[in-house]
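**Q** Structure of the sequence below:
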Amino acid sequence: MSPEEKAKTIVDLMYNQDPYSQWLGIERVLDAPGKSILKMRVRAEMLNGFGIAHGGITFSLADSALAFASNAHGVQCVSVETSISHVKKVLEGDVLTTEVEEKSISSRMAVYHVTIFNQKEEAVAFFKGTVFRTGKDWEVISENGNLT
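**A** From the prediction side, this is the model:
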């Protein structure tokens, strides 16, 4: 199984057990070690009292991208620190896309930057996430039935 196939299998396992990411309507465009491109449309129930997307929506999209990108290396990871800067308002109907950049990775820690863009390719938020790499490998079953 190639690293890309293993990454997709791991993210399949994660996504299929993640009702919140499913509720967000996340479409996975790319699953790869250290990378994740996600896309989603902002719906009316995601808006706050100002009629713009609740900050938790962009945060959650970026957090899912962080989880998928970091775990796709094959080692189970959990976030230990995250932050976000919202730089442009997000409206109902906007289509958001993530771009993940792996900044640093070691045996125990990794740092990622996630930029969220709208459909006009304008950056709407910048997210930084640090994950703890547990040392526990993801066990996935290859097409021939073997654990990898």
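**Q** how about the longest helix along the chain: buried residues?
**A** In the chain, ranked by residue count with DSSP state H as the criterion, the top helix is helix 55-71. Neighbour counts over helix 55-71 (16 or more other C-beta atoms under 10 Å) mark 57-71 as buried. No exception for glycine: its C-beta is placed from N, CA and C like everyone else's.
**Q** if I pick Met37, what's in contact with it?
**A** To be clear, residue 37 is Ile; Met isn't right here. Ile37 sits next to Arg28, Val29, Leu30, Ala65, Thr97, Thr98, Glu99, Val100 when contact means C-beta atoms under 8 Å, 6 or more residues apart in numbering.
**Q** mind listing which of those are in strands?
**A** Those of the contacts of Ile37 mapping onto strands are Arg28, Val29, Leu30, Thr97, Thr98, Glu99, Val100, per DSSP state E.
**Q** so which of those is the most crowded?
**A** Neighbour counts for the ones in strands among the contacts of Ile37 peak at Thr98, which has 27 neighbours (criterion: other C-beta atoms under 10 Å).
**Q** Find the nearest non-adjacent residue to that one, please.
**A** Distance criterion C-beta to C-beta, 6 or more residues apart in numbering; nearest residue to Thr98, sequence neighbours excluded, is Ala65 at 4.1 Å.
**Q** With Val95 as the reference, measure out to that neighbour.
**A** In this view, Ala65 and Val95 are 15 Å apart by C-beta to C-beta, to the nearest Å.
**Q** among the ones in strands among the contacts of Ile37, which two are most distant?
**A** By the measure C-beta to C-beta, Arg28 and Glu99 form the most distant pair in those, at 13.8 Å.
**Q** All the helices of this structure, residue numbers only.
**A** 3-16, 19-24, 55-71.
**Q** So for Val140, which of those helices sits nearest?
**A** helix 3-16 (4.5 Å).
**Q** Now that closest one: buried residues?
**A** Quick answer for helix 3-16 (16+ other C-beta under 10 Å): Lys6, Ala7, Lys8, Thr9, Ile10, Val11, Met14, Tyr15.
**Q** for stretch 44-56, same thing?
**A** Met46, Leu47, Ile52, Ala53, His54.
**Q** How much space separates the residue nearest to the third one when sequence neighbours are not counted from Ala53?
**A** If you skip the residues right next to it in sequence, Ile52 has Lys89 as its closest partner in space, 4.6 Å away by C-beta to C-beta, 6+ apart. Here the distance between Lys89 and Ala53 works out to 8 Å (C-beta to C-beta).
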